[in-house]
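Participant: Structure for this input, please:
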Amino acid sequence: MMKTRLPMLAAMFIIGSAIPVLSQERWQRLPPPRDAQFYAPRNKLEEFESRTSTLLIKGRTWVATLRTAAAATRVEATDIRDAANGTRAAGVTVVMTGPTAGAEVRCLIDYDEIDSLVRAFDAMEKADDSVTKLSNFEAHYRTRGDFEIIVFKQLTGGIAAAIEGGFFERSRILLTLEEFTRLRWMIAQAKERLDEIK
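Facilitator: You can find the predicted model right below:
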């Protein structure tokens, strides 16, 4: 009886010691959480909005709101001016509102990124099974401010789209291809509004 207890105790000790080590290794592979204290602006609009001890003049024009079954996306033309030195930053603000009250994600897109984003919309609208020889596909485009557009083949067949945004908490809204095209039009309209005030 004593001869079997010793190996069993040794095996239990080894397994008990290995579990914390294995869980520690998995934790080290996970990306560290983003901390608001160490947030660095990623584009001009974010840099202007993060300025302190400065008088900022912010102008916004609502362009349109895209409402889906579960969420809404608002697009605004945005212009920010530093009153002290006269410098400006312009672009598009995309505000995604989820199904839960108060869950809102804002993405800021610089003016110089709008044309590239619209071209990505155009290319992704044409995506189909011919883009890859594999059975499924996804096409992604992300701006510097973490606004992302996605077109993908659904498991049930057919093609759908999504938008995603946020830095600390990511939010995703699923769209039909028709809604995807309407969102592209809204962003292009925001650029036209900005061109009018130049």
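Participant: Run through the protein and note the low-pLDDT ranges.
Facilitator: Where the chain drops to pLDDT under 70, the residues are 1-4, 11, 13-39, 99-102.
Participant: For residue 172, see how far away the residue nearest in space to the middle of it is.
Facilitator: Per Cα atoms, centre = their mean, the C-alpha nearest to the average position across the chain is that of residue 165, at 2.2 Å. Distance from residue 165 to residue 172, counting by Cβ to Cβ, to the nearest Å: 8 Å. Just so you know, the C-beta spots here come from the backbone N, C-alpha and C atoms, and that holds for glycine as well.
Participant: Break down the chain into its strands, ranges please.
Facilitator: Remark: strands assigned in the chain by DSSP state E are 56-67, 72-82, 88-97, 104-110, 138-142, 148-153, 159-165, 171-175.
Participant: I'd like those strands laid out as JSON lines, including distance to residue 183.
Facilitator: Below are those laid out as JSON lines (distance: least, Cβ to Cβ, whole Å):
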{"stretch": "strand 56-67", "distance to residue 183": "5"}
{"stretch": "strand 72-82", "distance to residue 183": "6"}
{"stretch": "strand 88-97", "distance to residue 183": "8"}
{"stretch": "strand 104-110", "distance to residue 183": "12"}
{"stretch": "strand 138-142", "distance to residue 183": "13"}
{"stretch": "strand 148-153", "distance to residue 183": "8"}
{"stretch": "strand 159-165", "distance to residue 183": "7"}
{"stretch": "strand 171-175", "distance to residue 183": "7"}
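Participant: what's the closest non-adjacent residue to residue 165?
Facilitator: Take residue 165 and drop its neighbours on the chain: the residue closest to it by Cβ to Cβ, 6 or more residues apart in numbering is residue 107, 4.0 Å away.
Participant: count of residues packed around that neighbour?
Facilitator: 23 (other Cβ atoms under 10 Å).
Participant: which residues sit in contact with it?
Facilitator: By Cβ atoms under 8 Å, 6 or more residues apart in numbering, the residues touching residue 107 are 93, 94, 95, 96, 143, 145, 146, 147, 165, 166.
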